[in-house]
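In: I'd like to go over a predicted model; first the sequence, then the structure.
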Amino acid sequence: MSGRKRTSVSEGARLLRQRVEMGASEIFLDGLTREEALALVAGARSAAPAPTGRGGEARPARPSASAFRSREAAGPPDGSVRSALPVLPDDYADVREIALACTRCGLSEGRTQVVFSDGPPDASLMVVGEAPGANEDETGRPFVGAAGKYLDLLLATVGLSREQSVYIANVLKCRPPSNRNPTSDEIAACSPYLLKQIDLVRPRALLAVGSFAGKLLTGRDDLSLGKLRGEVHSYHGVPLVVTYHPAALLRNPRWTRLFWDDLQLLRDVMDAG
């Protein structure tokens, strides 16, 4: 057993002190496949004159958030998911702006705040959770309740902190009523934001906590969380470790040792990379 694996939670806890220029105000992409929409945007970008910077040099155009709104801004009366999927820009601030104004599913009607992320967007580790709870909905930050504090403590035991090295986001950006499980339609509506976050943050490793995050990122809906954890998966070339949600550890303390083992596996992967 390595020295790091012998490190106790109390010892590690001391480390705790951590988003084209299109010529129009909106583009409606409903009715197009993703490939057709991307080709449309690419063609429009190539046809538009390149904007210039202060010295007259060409610089890339930044699309506005309003350019990516869905035609069904008001949404269907039954609260179901809208069919048009926005083509998200390659600018972190713009993606965040779009997400903060999102009305793609019925959860937007009951939220206090969109919970986009926490931690530095150049972090080496990205933690992916399930959905905001009451504290997160109130503050606009993920993992700030009891489960979040426990997550911070456990990450600190392997030298990781959200202030310095951990970026945190959820599969859903809005709180489900009474903290119920996400529905498949809600995940389909919201997960493009998360996948774009991963693409833009480019972490060295991913830690999926809970079955919804684990199944989404591994693409293995057929496997239980218990069968997903304990090994290194890959999400588009990024090492991925799946483990229990911190809230589950508070309900079932016996799983804490398994979570700890998964953290050691994660730390080994990050050190090797």
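Out: Done, it's in. Numbering: from 1, shown residues only.
In: what's the helix or strand for the closest residue to residue 105 other than its chain neighbours?
Out: Leaving aside its chain neighbours, residue 105 sits nearest to residue 189 (4.2 Å; criterion: CB to CB, 6 or more residues apart in numbering). To be clear about C-beta, it is placed using only N, CA and C from the backbone, and glycine gets the same treatment. Take DSSP states H and E as the rule and residue 189 turns out to sit in helix 184-201.
In: helices or strands up against that helix?
Out: Contacts defined by 3 or more CB pairs under 8 Å, 6 or more residues apart in numbering; DSSP states H and E place helix 184-201 against helix 92-100, strand 125-129, strand 166-170, helix 211-218.
In: Kindly export that helix (C-alpha atoms) in CSV.
Out: Extracted C-alpha coordinates of helix 184-201, given in CSV (Å, rounded to 0.1, in the frame of the first residue of the first chain):
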residue,chain,number,x,y,z
SER,A,184,-34.5,11.2,-19.4
ASP,A,185,-36.0,14.2,-21.2
GLU,A,186,-34.5,16.7,-18.8
ILE,A,187,-31.1,15.0,-19.2
ALA,A,188,-31.4,15.2,-23.0
ALA,A,189,-32.3,18.9,-22.8
CYS,A,190,-29.6,19.9,-20.4
SER,A,191,-26.6,17.6,-20.9
PRO,A,192,-25.3,19.5,-24.0
TYR,A,193,-24.3,22.3,-21.7
LEU,A,194,-22.3,19.9,-19.5
LEU,A,195,-20.6,18.2,-22.5
LYS,A,196,-19.6,21.6,-23.9
GLN,A,197,-18.2,22.5,-20.5
ILE,A,198,-16.0,19.4,-20.6
ASP,A,199,-14.9,20.3,-24.1
LEU,A,200,-14.0,23.8,-23.0
VAL,A,201,-12.4,23.1,-19.6
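In: after that helix comes which helix or strand?
Out: According to DSSP H and E, the helix or strand after helix 184-201 is strand 205-209.
In: report the angle between the axes of that following strand and strand 125-129?
Out: Angle of strand 205-209 versus strand 125-129, following axes from the mean of the first three to the mean of the last three CA atoms, to 10 degrees, is 20 degrees.
In: Could I have the CA atoms of stretch 265-273 written out in PDB?
Out: What follows is stretch 265-273 as a C-alpha-only set of coordinates in PDB (Å, rounded to 0.1, in the frame of the first residue of the first chain):
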ATOM      1  CA  LEU A 265      -7.500   5.500  -8.400                       C
ATOM      2  CA  LEU A 266      -8.300   9.000  -9.600                       C
ATOM      3  CA  ARG A 267      -5.200  10.500  -7.900                       C
ATOM      4  CA  ASP A 268      -3.000   7.700  -9.500                       C
ATOM      5  CA  VAL A 269      -4.500   8.500 -12.900                       C
ATOM      6  CA  MET A 270      -3.800  12.200 -12.500                       C
ATOM      7  CA  ASP A 271      -0.300  11.700 -11.300                       C
ATOM      8  CA  ALA A 272       0.500   9.400 -14.200                       C
ATOM      9  CA  GLY A 273      -0.900  11.900 -16.700                       C
END
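In: what's it in contact with?
Out: 4, 124-125, 158-159, 204-205, 207, 230-232, 239, 241 (CB atoms under 8 Å, 6 or more residues apart in numbering).
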